[in-house]
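K.L.:
My questions are about this predicted structure, shown below with the sequence.
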Amino acid sequence: MAVSLTSLAGRSEKELSSAPTTPRRTSSKPTLSTSLQHAAHTRLEQCLNHANRMLKRNFAKPELLFSVRGKAAGKAYLQSQQIRLNPTLFAENPQAFLDEVIPHELAHLLVYQLYGRVKPHGREWQTIMKNVFGLPARTTHDFAVASVQGKTFEYRCQCQTLPLSVRRHNKVQRGEASYHCRRCRAQLHHTGIQLS
Ligand SMILES: [Zn+2]
Ligand SMILES: [Zn+2]
């Protein structure tokens, strides 16, 4: 499944998120190892130095936080020049984050400093990804998102058990919807088990 790689924060530093919204998890805050945090800072600095050399500029070093939740890999906050990464997805996909997500977010901040507010993944951003970082200008990721997905509930028909999202589960509980198995066509009933 392709999921929006990142999103941009807007004028008042509110998110202009293009990522699908997910219910907040109630589990405890994921912790990221210090070695991965260190690797992220090092990679960011390396990308920044590289961009400074290539573009003959002296861009300020962005702040780096690990506070994104849900399915987005990272977010760029243009006005505060902040990069926020998803600690859960980072821990699960460290190489992809170091290779691609960090330069992706940094490119947003560089574009903002160079051109102001332009289309998030437009020509300017694509050019920086390709010509400065030598990376594909991708805007989606295919990380497994099970660990950052919202709550799911187990349902059963006559042939299998299936997970239903919390949104669907709530509709069933309120009597607003019923769901049927595509295979056996029987109605799905909650087994009483919450899967995540
Ligand atoms: Zn982006
Ligand atoms: Zn069935």
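P.N.:
Done, it's in. Residues are numbered from 1 along each chain as shown. Ligands and ions are numbered 1, 2, ... in the order given.

K.L.:
buried set for the top helix by length along the chain?
P.N.:
Taking residue count as the measure and DSSP state H as the definition, the longest helix of the chain comes out as helix 34-55. Buried residues in helix 34-55, counting neighbours by 16 or more other CB atoms under 10 Å, are found at L36, Q37, A39, A40, R43, L44, C47, L48, A51. The way it works is simple: take the backbone N, C-alpha and C, and place the C-beta from them, glycine included.

K.L.:
Serialize the residues you listed to TSV and add fields for pLDDT.
P.N.:
Putting the buried residues of helix 34-55 into TSV (pLDDT from 0 to 100) gives the following:
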residue	pLDDT
L36	97
Q37	97
A39	98
A40	98
R43	98
L44	98
C47	98
L48	98
A51	98
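
K.L.:
ok, of those, which one's closest to ligand 2?
P.N.:
Nearest to ligand 2 among the buried residues of helix 34-55, counting by CB to the ion, is L36 at 41.8 Å.

K.L.:
check contacts around the closest one.
P.N.:
F90, A91, P94 (CB atoms under 8 Å, 6 or more residues apart in numbering).

K.L.:
Tabulate those (CSV), appending pLDDT and distance to P136.
P.N.:
Formatted as CSV, the contacts of L36 follow (pLDDT from 0 to 100; distance: CB to CB, whole Å):
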residue, pLDDT, distance to P136
F90, 96, 20
A91, 94, 23
P94, 95, 19
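
K.L.:
the domain parsing of the protein - what is it?
P.N.:
According to the domain assignment given by the TED database, the chain is divided into the following structural domains: 34-146, 150-194.

K.L.:
from the middle of its chain, how far away would stretch 96-103 be?
P.N.:
Centroid separation for stretch 96-103 versus its chain: 12 Å, with CA atoms, centre = their mean, to the nearest Å.
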